[in-house]
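Trainee: okay, here's the prediction I keep looking at, along with the sequence it came from:
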Amino acid sequence: MTAPDLAVIDWSALDEAGRSAALSRPRQLRDATQLDAVRAILAAVRARGDEALREFGTRFDHCTLDRFEVTDSEFAAAESGVDAGVRAAMGSAIARVEAFHAAQLPAPLRVDTAPGVRCEQVIRPIDRVGLYAPAGSAPLPSTVWMLGVPARLAGCTQIVLATPPRSDGSADPSILVAAKLCGISRVFKLGGAQAIGAMAYGTETVPRCAKLFGPGNTWVTAAKLEVAADPEGAAIDMPAGPSEVLVIADDSADAAFVAADLLAQAEHGADSQVLLLSPSERLLAAVAREVAAQVALLPRREIALAALAHARLIRVASLDEAVQVSERYAPEHLIVNTHDARALLPGISNAGSIFLGAWSPETVGDYCAGPNHVLPTLGFARAFGGVGVDSFLRRVNVQELSAEGLRAIGGDAMVLARAESLEAHARAVDVRLAKLALPEPHPHPTVGHPALESPVCTSMCSRSPARDGAARNPGSPLEGEGSTGASMSLLARARPELAAFKPYASARRAGFEARIRLDANESPWDLREEGVDIDAGLNRYPSPQPADLRARLAALYGADPAQLWIGRGSDEAIDLLLRAFCRAGRDNVVAFAPTFGMYRIGSALQGADYRALALDADDDFALDPEKLLDLCDDDTKLVIVCSPNNPTGTLYHGQLIEQLAATLAGRALLLVDEAYVEFAGVPSASALIERHANVGVLRTLSKAHALAGERLGTLIAREEIIELVGRIAAPYPLPTLSVRAALAALDANALLRTQARIALLVDERERMGKMLALSPFVRKVWPSSANFLLVRFDDSRAAFERLLAAGILVRDFSTQPGLANCLRITIGKPDENDALLVALAGEAR
Ligand code: PMP
């Protein structure tokens with residue numbers, strides 16, 4: 001073979017296709033027969049282990065081995081097979097490689113990404129690694145230290161090396177010496193695809209390895225890619241292709257140096273590729289001449305000449321353009337032999353290893369400079385770096401959250417999980433946050449006057465002290481009575497005809513689950529699947545009382561899920577209770593006035609007599625329980641106490657409620673409407689249910705939870721009452737969308753925000769109370785435990801209109817008995833409240 005004509009290609013004269021062709025790599029032969037053979041070898045090794053290895057050794061390496069692992073005596077014998085000078089050079093090369101790689105060891109890191117969220121990265125070695133050192137025509141002991149040194153530095157507990165045996169059954173001595181110098185004691189005389197199979201799957205004698213490293217011929221490479229694609233195989237360092245070098249040189253370069261570098265690469269193999277980019281016509285021509293002269297003198301000239309057949313000498317317009325072309329090619333090795341080589345470095349990123357300046361031949365990088373020589377070929381340098389210590393390490397992430405930490409970021413996790421429709425993900429956070437939402441058991445649980453005793457515990461998170469196992473209120477005078485009255489069922493007081501009343505047997509109530517649902521006359525088509533932009537599953541009826549929402553609200557209210565009935569707002573629960581207990585034309589409901597208007601209307605619709613004790617505005621709507629009880633008779637089924645009361649804001653929680661409950665035991669349901677209790681800072685009366693079978697509590701998401709649009713309210717009561725209400729309720733009271741929205745909205749972060757909003761509104765309420773009281777047109781502002789103020793004006797009509805003219809709407813109660821000139825003002829955001837104050841002040845002018 002003679003020196004090829006290294007013609008110079010002019011980059012600027014090439015069109016796009018020409019440029020791609022100029023940078024094309026020698027075609028990799030993808031031989032389907034070879035791939036089949038590789039797969040068969042791997043399968044045989046996997047199935048028959050050492051026996052298969054032995055057969056393949058006979059067939060491919062022409063030697064039949066009893067034992068594959070190199071013995072101590074073989075190691076010892078290898079020493080004499082390697083020249084002392086070579087051994088010394090190996091030692092110093094290894095020392096330099098070690099020095100460079102030791103500096104790569106990463107430090108573990110620890111960052112608190114939020115308060116209570118500790119994130120760490122700990123570094124762990126890959127326990128068992130398998131290295132492959134080719135032997136064949138040119139043994140590459142350098143590969144042994146380029147892989148063995150970082151593996152040892154990384155701390156891999158087991159390092160296995162495979163290298164093909166020679167036909168006499170021995171391993172190449174230089175490979176064994178190098179292995180010894182690197183501290184690798186387990187060397188196996190195995191080559192080709194079978195060596196890769198043995199390390200990936202393990203055999204009787206070869207340990208199974210988690211990751212395989214090293215170059216090799218097409219058999220080795222194909223086998224590595226196969227085992228990497230098999231989850232039961234092994235990871236690999238990177239796909240390996242033929243070696244390549246790209247040289248950028250300018251007029252200052254010595255043509256002999258450049259030619260020598262090109263040939264150093266060319267002698268690797270016929271498929272190696274060498275490229276030279278230069279703006280200098282003179283240099284390009286000189287290098288072509290030098291290559292021809294030098295190749296003739298090389299021992300491996302045949303291989304080099306074959307490789308030169310796909311060499312490229314390219315004239316570029318400038319060094320900048322040379323860098324651009326190199327970036328496009330992404331060479332394994334890049335030699336920059338220019339006047340100011342370092343000046344080009346900032347512009348280079350797509351290269352496996354870079355050699356700067358006239359005195360940096362690639363050869364030093366191949367053996368002994370320090371950096372690794374296992375590098376990305378075939379353009380993989382665009383995405384991969386070379387092998388280093390980190391190739392033998394795993395960075396293991398650690399996350400440790402405190403309760404505070406989960407509160408801080410759990411909400412984000414849930415939102416994101418649900419955005420990906422991964423509900424179970426969200427719930428894994430949710431169950432924890434729900435638990436965190438429960439308070440520590442109160443040391444002195446009380447249902448006494450809470451405003452005095454428990455100013456900070458909002459009943460958002462109150463929990464029945466009795467169920468928590470905490471002591472009951474020892475001071476309660478009704479304690480003894482309560483425990484007898486407690487068990488007195490109230491069902492006997494419900495409408496008698498309901499005792500035998502069978503609820504409508506809706507399809508979902510039957511409780512069956514099946515893959516194909518043909519039971520509810522629903523449409524089988526989910527519109528979401530047809531591309532309509534709505535929630536999935538809306539073609540199906542919802543669960544009548546979804547367990548997840550029940551559990552969530554139970555946690556929120558500190559109640560037992562079985563004691564909850566959820567409806568479309570507490571309005572629905574009021575309506576159902578009236579219907580469940582009151583016989584039309586006979587029974588009555590007792591409440592006071594002023595209070596929430598729906599009690600009267602609901603009673604009237606049911607045909608029940610509604611008896612309201614008039615409270616005195618001048619006495620701050622004080623409630624005398626005896627007077628309320630005086631209104632009750634044998635036909636009283638419901639006594640309703642709204643606390644804090646709408647529209648007065650008065651709080652009646654405490655002893656009064658318990659007294660009513662005890663007195664009404666077994667006779668009437670005491671319904672405590674706690675629509676606004678979150679603003680009162682008192683424990684919920686639901687704690688009384690434990691002791692008083694006749695207490696029902698209404699809670700709602702419409703006020704403090706800022707979810708009025710969801711229309712979700714809850715009755716908390718003894719199970720028998722819940723069951724009764726459930727029986728007479730409409731088949732599917734809860735819309736799917738509301739349930740989903742509530743679940744999404746009621747995460748623990750939302751609860752924290754709710755608490756913040758409540759605190760702000762309470763502050764604003766107090767501020768507004770003071771400010772309004774200062775107005776010359778306001779006669780009275782009643783103290784309020786809710787999110788509104790009842791205000792008496794000199795002329796409520798003028799005030800109402802004045803506010804309306806300013807775009808502010810309040811509620812006119814002036815026509816209600818005892819509330820002449822009264823307006824109810826809901827507390828808004830601070831700026832809205834300011835606007836109201838300004839508008840009212842305007843009235844003064
Ligand atoms: N109870 C009271 C005292 C109320 O003021 C209201 C609404 N204004 C309700 C119940 C009804 O609330 P929901 O939105 O839960 O139906």
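Mentor: Received it, and whenever you're ready, just let me know what you need. Just so it is clear, the model here is predicted, and its values are computed rather than measured.

Trainee: near the ligand, which residues of the stretch 551-700 of the chain are found?
Mentor: Gly569, Ser570, Asp571, Phe596, Cys642, Asn646, Asp673, Ala675, Thr700 (Cβ under 6 Å from any ligand atom). From N, CA and C alone the C-beta is placed, and that goes for glycine too.

Trainee: how close does the closest residue in space to the fifth one that isn't next to it in sequence get to Gly130?
Mentor: Excluding its sequence neighbours, the residue lying closest to Cys642 (Cβ to Cβ, 6 or more residues apart in numbering) is Asp673, at 4.2 Å. Asp673 sits 73 Å away from Gly130, going by Cβ to Cβ, to the nearest Å.

Trainee: those two: who's more crowded?
Mentor: Gly130 (31 against 28; other Cβ atoms under 10 Å).

Trainee: residues near Leu308, how many?
Mentor: Counted with other Cβ under 10 Å, Leu308 comes out at 24.

Trainee: now Arg124
Mentor: Arg124: 12 neighbours (other Cβ under 10 Å).

Trainee: is the nearest residue to His333 once chain neighbours are set aside bridged to anything, and to what?
Mentor: Counting by Cβ to Cβ, 6+ apart, His333 lies nearest to Val245, which is 4.3 Å off, once chain neighbours are set aside. Per DSSP bridges, the residues bridged to Val245 are Val274, His333.

Trainee: what do you get for the one 4 residues further on?
Mentor: Taking DSSP bridges as the rule, Ala249 bridges to Asn337.

Trainee: that one is in contact with Leu275, isn't it?
Mentor: No. If you go by Cβ atoms under 8 Å, Ala249 and Leu275 don't touch, sitting 11.0 Å apart.

Trainee: Asp533: helix or strand, and which one exactly?
Mentor: For Asp533, there is no host helix or strand (DSSP states H and E).

Trainee: ok, now which ones touch Ala198?
Mentor: By Cβ atoms under 8 Å, 6 or more residues apart in numbering, Ala198 lies in contact with Val45, Gly49, Leu53, Phe68, Ala162, Phe188, Leu190, Val206.

Trainee: can we see that at 10 Å?
Mentor: 42, 45-46, 49-50, 52-53, 56, 68, 130, 160, 162, 188, 190, 205-209 (Cβ atoms under 10 Å, 6 or more residues apart in numbering).

Trainee: now the buried members of those.
Mentor: Buried by 16 or more other Cβ atoms under 10 Å: 42, 45-46, 49-50, 52-53, 56, 68, 130, 160, 162, 188, 190, 206, 208-209, out of these.

Trainee: what helix or strand is Leu613 on?
Mentor: strand 609-614.

Trainee: so what does the next helix or strand after that strand touch, helix or strand wise?
Mentor: Downstream of strand 609-614, the next assigned helix or strand under DSSP H and E is helix 625-630. In terms of contacts (3 or more Cβ pairs under 10 Å, 6 or more residues apart in numbering; DSSP states H and E), helix 625-630 is packed against strand 588-593, strand 609-614, strand 636-642, helix 655-663.

Trainee: JSON lines please, covering these and showing mean pLDDT and mean neighbour count.
Mentor: Converted to JSON lines, those look like this (pLDDT from 0 to 100; neighbours: other Cβ atoms under 10 Å):
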{"stretch": "strand 588-593", "mean pLDDT": "98", "mean neighbour count": "24"}
{"stretch": "strand 609-614", "mean pLDDT": "97", "mean neighbour count": "17"}
{"stretch": "strand 636-642", "mean pLDDT": "98", "mean neighbour count": "26"}
{"stretch": "helix 655-663", "mean pLDDT": "94", "mean neighbour count": "22"}
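
Trainee: got any ranges where the stretch 1-150 of the chain has weak pLDDT?
Mentor: Within the stretch 1-150 of the chain, the ranges that satisfy pLDDT under 70 run 1-4, 28-30, 136-138.

Trainee: quick one: which of the helices and strands packed on helix 625-630 is nearest Ile825?
Mentor: Closest approach to Ile825 among those (Cβ to Cβ): strand 636-642, 18.1 Å.

Trainee: report the angle between the closest one and helix 655-663.
Mentor: 170 degrees (axes from the mean of the first three to the mean of the last three Cα atoms, to 10 degrees).

Trainee: show me what strand 636-642 pairs with in its sheet, parallel or antiparallel.
Mentor: strand 588-593 (parallel), strand 669-673 (parallel).

Trainee: grab the CA positions of that strand and hand them over as CSV.
Mentor: Extracted in CSV, the C-alpha atoms of strand 636-642 (Å, rounded to 0.1, in the frame of the first residue of the first chain):
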residue,chain,number,x,y,z
THR,A,636,-89.8,20.3,70.2
LYS,A,637,-87.4,18.3,68.0
LEU,A,638,-84.7,20.8,67.2
VAL,A,639,-83.1,23.5,69.2
ILE,A,640,-80.8,25.6,67.1
VAL,A,641,-78.0,27.7,68.5
CYS,A,642,-76.0,29.6,65.9
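
Trainee: now do the contacts for whichever residue of the chain sits closest to the ligand.
Mentor: Residue nearest to the ligand within the chain: Gly569 (2.3 Å; Cβ to the nearest ligand atom). Applying Cβ under 10 Å, 6+ apart to Gly569 gives the contacts 575, 598, 675, 698, 700-702, 708, 710-714.

Trainee: derive a PyMOL selection command for the buried subset of these.
Mentor: Typed into PyMOL, the line below selects the buried ones among those, using 16+ other Cβ under 10 Å:
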select buried, resi 575+598+675+698+700+701+702+710+711+712+713+714
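
Trainee: now the closest residue to Gly57 other than its chain neighbours: phi and psi?
Mentor: Nearest residue to Gly57 in three dimensions, chain neighbours excluded: Leu65, at 5.5 Å (Cβ to Cβ, 6+ apart). Leu65 has phi and psi values of phi -100, psi 140 when expressed as degrees, to the nearest 10.

Trainee: mind listing the helices in the stretch 401-550 of the chain by residue range?
Mentor: Taking DSSP state H, counting those that start in this stretch, the helices of the stretch 401-550 of the chain run over residues 403-419, 423-437, 450-453, 479-486, 547-557.

Trainee: ok, and Thr221, which helix or strand is that part of?
Mentor: helix 218-229.

Trainee: mind saving the C-alpha coords of that helix as PDB?
Mentor: These are the backbone C-alpha positions of helix 218-229, laid out as PDB (Å, rounded to 0.1, in the frame of the first residue of the first chain):
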ATOM      1  CA  THR A 218     -16.800  -5.000  17.600                       C
ATOM      2  CA  TRP A 219     -17.700  -8.200  19.400                       C
ATOM      3  CA  VAL A 220     -16.900  -6.700  22.800                       C
ATOM      4  CA  THR A 221     -18.700  -3.500  21.900                       C
ATOM      5  CA  ALA A 222     -21.800  -5.300  20.600                       C
ATOM      6  CA  ALA A 223     -21.900  -7.500  23.700                       C
ATOM      7  CA  LYS A 224     -21.600  -4.400  26.000                       C
ATOM      8  CA  LEU A 225     -24.500  -2.700  24.300                       C
ATOM      9  CA  GLU A 226     -26.600  -5.900  24.600                       C
ATOM     10  CA  VAL A 227     -26.000  -6.400  28.300                       C
ATOM     11  CA  ALA A 228     -26.600  -2.700  28.900                       C
ATOM     12  CA  ALA A 229     -30.000  -3.000  27.300                       C
END
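
Trainee: what's the average pLDDT for it?
Mentor: Averaged over helix 218-229, pLDDT sits at 92.

Trainee: one more: stretch 762-780?
Mentor: 95.

Trainee: so where is the stretch 301-450 of the chain shaky, pLDDT-wise?
Mentor: For the stretch 301-450 of the chain (pLDDT under 70), the answer is 438-450.

Trainee: quick check: His425 touching Gly410?
Mentor: No. Here His425 does not reach Gly410: they are 11.4 Å apart, not a contact under Cβ atoms under 10 Å.
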